[in-house]
Every structure is written in structure tokens, then in C-alpha cells.
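Asker: need a structure here:
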Amino acid sequence: QVQLVESGGGLVQAGGSLRLSCAASRSTFSFNAMGWYRQAPGKQRELVARVSSGGSTNYADSVKGRFTISRDNAKNTVDLQMNSLKPEDTAVYYCNAEIRVLGGNANYWGQGTQVTVSS
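Answerer: This is a model prediction of the structure:
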């Protein structure tokens with residue numbers, strides 16, 4: 001089991017920046033991957049960015065070049081730096097941890113943090 005707590009959401013104007021942070025309740029060193037997902041009203045939850053245990057990253061096409069994910073296993077955190085924000089980035093952002101368990105992977109989620117980008 002692991003608890004994930006997000007922080008850093010809020011209201012920002014288009015073109016602005018926000019930094020989201022997610023703290024895990026235990027060591028993230030062995031986590032298969034950590035990432036950020038988002039869900040806008042009336043839409044499905046979608047991957048924003050993900051970083052593997054080896055440091056490989058992948059991003060949604062819509063955020064490439066604007067968002068940067070970083071993982072710090074010493075602090076048990078994963079952050080998402082969001083620059084050049086657009087109104088379409090408005091959503092609830094969720095932290096995710098993918099942990100290897102017997103027989104497969106288990107996914108854990110934070111409670112979500114609201115990001116609102118005004119035009």
C-alpha cells in the first residue's frame with residue numbers, strides 16, 4: 001500500500017506556469033513508474049506524463065515541450081512543471097504510482113488537485 005498526496009494546483013492565466021508535486025508515503029525507489037494523469041469534465045482520464053524507474057519519460061502529445069516530469073527517489077516525490085499553460089489544460093490532475101506486485105502491477109492514485117487555466 002502507498003498513499004499519494006498532491007499539491008500545487010490552482011488558478012492561473014493562460015501562458016502562466018504551475019508546479020505540481022506528489023509525495024508518496026513510502027520509498028519510491030522500487031516503483032515501476034510514477035506519473036501524472038488528468039481528467040477534464042465530461043472526459044476520460046488521460047496520461048499527461050510518466051517516468052519509469054530507469055528515468056525514461058513519456059508525454060502526451062498535447063503537453064510535449066511545455067510540461068516536464070521529474071522524479072526524486074530520495075525525497076519520494078514526483079513533480080510536474082507546467083509552462084505555457086492553455087485553457088485546455090484545465091482538469092483535475094492525479095498522481096499515479098505503478099508498483100510491481102506478484103502477478104502483475106498495482107496502480108495507486110492520489111486524491112487529485114484542480115488546475116484551472118483562464119483565457
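Asker: and the pLDDT at the residue nearest the centre of the chain?
Answerer: Nearest to the geometric centre of the chain sits W36, at 2.0 Å (C-alpha atoms, centre = their mean). At W36, the model reports a pLDDT of 98.
Asker: so what secondary structure elements neighbour the helix or strand of the chain with the lowest mean pLDDT?
Answerer: Least confident helix or strand, the chain: strand 104-109 with a mean of 94, by mean pLDDT, DSSP states H and E. If you count contacts as 3 or more C-beta pairs under 8 Å, 6 or more residues apart in numbering; DSSP states H and E, strand 104-109 packs onto strand 91-101. (Each C-beta comes from the backbone N, C-alpha and C, glycine too.)
Asker: can you point out the buried residues in the strand it packs on?
Answerer: The neighbour-count check on strand 91-101 (16 or more other C-beta atoms under 10 Å) flags 91-99 as buried.
Asker: packing partners of it?
Answerer: Looks like strand 91-101 contacts strand 4-7, strand 18-24, strand 33-39, strand 104-109, strand 113-118 (3+ C-beta pairs under 8 Å, 6+ apart).
Asker: try 10 Å
Answerer: Here strand 91-101 touches strand 4-7, strand 18-24, strand 33-39, strand 46-52, strand 77-82, strand 104-109, strand 113-118, going by 3 or more C-beta pairs under 10 Å, 6 or more residues apart in numbering; DSSP states H and E.
Asker: now these in JSON lines, with distance to F67?
Answerer: As requested, those are exported to JSON lines (distance: least, C-beta to C-beta, whole Å):
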{"stretch": "strand 4-7", "distance to F67": "15"}
{"stretch": "strand 18-24", "distance to F67": "10"}
{"stretch": "strand 33-39", "distance to F67": "8"}
{"stretch": "strand 46-52", "distance to F67": "6"}
{"stretch": "strand 77-82", "distance to F67": "5"}
{"stretch": "strand 104-109", "distance to F67": "19"}
{"stretch": "strand 113-118", "distance to F67": "11"}
